[in-house]
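Visitor: next come a sequence and a model predicted from it.
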Amino acid sequence: MIKSTLFKSFVLLLLMISFFACQENKMKEINFPPTDLSSENLIPKPLKIIPTNNAFGLDHTTAIYTSQSDKSFEEVGSFLADKIKSKTNLRLAVNAADAGKVNRMIFINQSDSDEIEGPEAYQLYISKDSIIVNAKTSEGAFRGIQTLRQLIPETSNDTLTEMPLWPIPTGKIIDKPGFEYRGSMIDVARHFFSVDDIKKYIDVLAYYKINVLHLHLTDDQGWRIEIKSWPKLTEVGGSTEVGGEAGGFFTQEDYKDIVAYAQERYMMIIPEIDMPGHTNAASVSYPILNGNGKTPELYEGTAVGFSTFDTRKDTVYSFVDDVIREISEITPGPYIHIGGDESHVTKKNDYIYFVNKVEKIVQKYGKRMIGWDEVATADLDSTSIAQFWASQENAEEAVKKGMKVILSPATKAYLDMQYDTLSEYGLHWAAYIPVDTAYVWTPEGYAGIPRESILGVEAPLWSETISNINELEYLAFPRIIGYSELSWSTEENRNWDDFKVRLANQAPYLDRMNVKYYPSKLIDWKKSKFTYKTIEKD
């Protein structure tokens, strides 16, 4: 196996030496007009862009090669080839010993350079005859090819050659993320969304370098994840949703399918089981869990704070142990979210007792606990994480305990808030959040939280007012695109006047992905038509 890999690498090296030796004369055949890499509409904005004012001509004579020392680099190359095909109809060979006539090359390289800082960092070198993506890890390479995808024009320039050609501006991009955690959340409990809906959302998030999808899997209105040791959770608790529709749930196979799909796009799935409040669906399924003193019934409304587990009952912790165990077994990421918010009918001492015990259960299965900021009132250790949504006091308490904080302030980052008074969907109990307000705030040091205590930014989307993917997209887009830049790009590289121009130019991609985004009047949206030509290989 080692000899085979070495041989492949040797063959690839010979191909590249031969390729670069013969490119100078070939490229004289095409005279590109001046281009400016720094003026491209990249989101999130890279750390550093150095233009060289020429162009790489992507066409049917381009081939993709990757480092052979790590199989995952070849998988990144294949992913790029698929996306180029869907955008341009070009079929680019990946690591083919005989790719036919090859005039230009894209090389995805595993590098050990000290200049590449961190697992998601990458460098992109674009010349007239080659594009090189340098990264230490395939994760970094994957982030780099998202930038490359955005540099490929929506339409070809047929005036330069006999066959369609897509000019990509030349230069160098040096890039890395500002925060390691860049996320969004979907509430599938109040209204259920299908596996295909989740996958579509993952695809668009990955394009903008978001690396976390948090699934709010349980609430008063529905339990959406199969737990084999407690089957009534989905049989009963998954049978309805807000408004009385049929509800639904993910089998464990469905969930594993989502996790695998996300992993292919270097995105982590974080499952949330909300407790001890927001637990009516669980208590209807198994009344022995109930702690509010009322006979539980299926709930289809939107009120909060009325449900709780019996936090002093041993059966409840046997239940929690089983749920965390089964979900941990199918969740490769390091985190389990236990909710912990709005548990208004749970006595304070009972709440603290519950969260303390659940933290130990999560740790027992090798995971780190995340909870909404209320969990910081319990006696947690520094490995647990508080998600700041409402209480600055709770966030400050988390920092005192040495905990990391995820920023999701409802007044800035809640995707279910209406854009304005005319918004068709959403609520406004926290604020109206137009597209500019969503972007014009500073996560670094937000609410006095030290930069070193901030794990990252997450934009949650609660589903009280939406029931299908089109409505979800209306609320999420374009605001989630701004949050991607807030969590990736440096503060000095963020500017609303610049961002809104780049955002306007995302419309062709969103249209091609059939994303039903909210066409904010704050943005001068750019539209284009898509025409694909059949391209025969020489």
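Guide: In hand now; what should we look at? Residues are numbered from 1 along each chain as shown.

Visitor: so where do the strands sit in the stretch 201-350 of the chain?
Guide: Secondary structure of the stretch 201-350 of the chain (DSSP state E, counting those that start in this stretch): strands at 212-216, 218-219, 222-223, 268-272, 335-337.

Visitor: quick one: strands adjacent to the first one?
Guide: Think strand 212-216. strand 181-187 (parallel), strand 268-272 (parallel) (DSSP bridges).

Visitor: to the chain's geometric centre, what's the distance from the longest one?
Guide: Relative to the mean C-alpha coordinate of its chain, strand 181-187 is positioned 7 Å out (Cα atoms, centre = their mean, to the nearest Å).

Visitor: cool, stretch 272-287 as well?
Guide: 27 Å.

Visitor: what does stretch 130-147 give?
Guide: Centre-to-centre, stretch 130-147 and its host chain are 17 Å apart (Cα atoms, centre = their mean).

Visitor: state the distance spanning the first to the last residue of it.
Guide: Stretch 130-147 stretches 16 Å from its first residue to its last (Cα to Cα, to the nearest Å).

Visitor: mind listing what's buried in that stretch?
Guide: 130-147 (16 or more other Cβ atoms under 10 Å). Using the backbone N, CA and C atoms, a C-beta is placed for each residue, glycine as well.

Visitor: now go through those residues and say which are in helices.
Guide: 138-147 (DSSP state H).

Visitor: and which of these is nearest to residue 302?
Guide: Residue 302 has its nearest neighbour among those in residue 146, at 36.3 Å by Cβ to Cβ.

Visitor: so who does that closest one touch?
Guide: Applying Cβ atoms under 8 Å, 6 or more residues apart in numbering, we find residue 146 in contact with 206-209.

Visitor: re earlier: tell me which of the strands paired with strand 212-216 sits most buried.
Guide: strand 181-187 (a mean of 25; mean count of other Cβ atoms under 10 Å).

Visitor: list the contacts of that strand.
Guide: 193, 198, 201, 205, 209-216, 219, 270, 272, 406, 408, 415-416, 455-463, 472, 476, 480, 483-484, 487-488.

Visitor: and for stretch 131-141?
Guide: 56, 70, 72-73, 75-76, 104-113, 116, 118-125, 143-145, 148, 168, 266.

Visitor: filter these to the buried ones?
Guide: Among the contacts of stretch 131-141, those buried by neighbour count (16+ other Cβ under 10 Å) are 56, 72-73, 75-76, 104-111, 116, 119-125, 143-145, 148, 168, 266.

Visitor: measure residue 367 to residue 417 for me?
Guide: Remark: distance between residue 367 and residue 417 (Cβ to Cβ, to the nearest Å) = 30 Å.

Visitor: between those two, which is the more surrounded one?
Guide: Legend: neighbour count by other Cβ atoms under 10 Å for residue 367 and residue 417, higher for residue 417 (25 against 21).

Visitor: check contacts around the nearest residue to that one once chain neighbours are set aside.
Guide: When the adjacent residues along the chain are set aside, residue 417 lies closest to residue 433, with 4.4 Å between them (Cβ to Cβ, 6 or more residues apart in numbering). Applying Cβ under 8 Å, 6+ apart to residue 433 gives the contacts 411-412, 414, 417-419, 479.

Visitor: now, of those, which are buried?
Guide: Judged by 16+ other Cβ under 10 Å, buried ones among the contacts of residue 433: 412, 414, 417-419, 479.

Visitor: now flag whichever of these is closest to residue 188.
Guide: Checking the buried ones among the contacts of residue 433 against residue 188 with Cβ to Cβ, the nearest one is residue 414 at 16.5 Å.

Visitor: so where's this structure shaky on pLDDT?
Guide: Within the chain, the ranges that satisfy pLDDT under 70 run 1-30, 99, 160, 528-538.

Visitor: give me the most central residue, it.
Guide: Of all residues in the chain, the one closest to the mean position by Cα atoms, centre = their mean is residue 210, 3.3 Å from it.

Visitor: and it, what does it touch?
Guide: Contacts of residue 210 by Cβ under 8 Å, 6+ apart are 182-184, 267, 480, 483-484, 487.

Visitor: can you put these in TSV and add distance to residue 316?
Guide: Shown next, in TSV, are the contacts of residue 210 (distance: Cβ to Cβ, whole Å):
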residue	distance to residue 316
182	34
183	29
184	31
267	32
480	36
483	36
484	39
487	36
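
Visitor: quick check: the farthest pair among the residues you listed?
Guide: 267 and 483 (14.6 Å).

Visitor: buried set for stretch 239-247?
Guide: Here stretch 239-247 shows 239-242, 247 as buried, counting by 16+ other Cβ under 10 Å.

Visitor: of the strands of the stretch 201-350 of the chain, which is nearest residue 284?
Guide: Using Cβ to Cβ, these put strand 222-223 closest to residue 284, at 8.9 Å.

Visitor: residue 407 and residue 115: what is the separation?
Guide: 29 Å.

Visitor: which of the two has more neighbours?
Guide: Shown here are residue 407 and residue 115; by other Cβ under 10 Å, residue 407 has more neighbours (27 against 9).

Visitor: and the closest residue to that one other than its chain neighbours, how many residues sit next to it?
Guide: Nearest residue to residue 407 in three dimensions, chain neighbours excluded: residue 457, at 4.9 Å (Cβ to Cβ, 6+ apart). When neighbours are defined as other Cβ under 10 Å, residue 457 has 27 of them.
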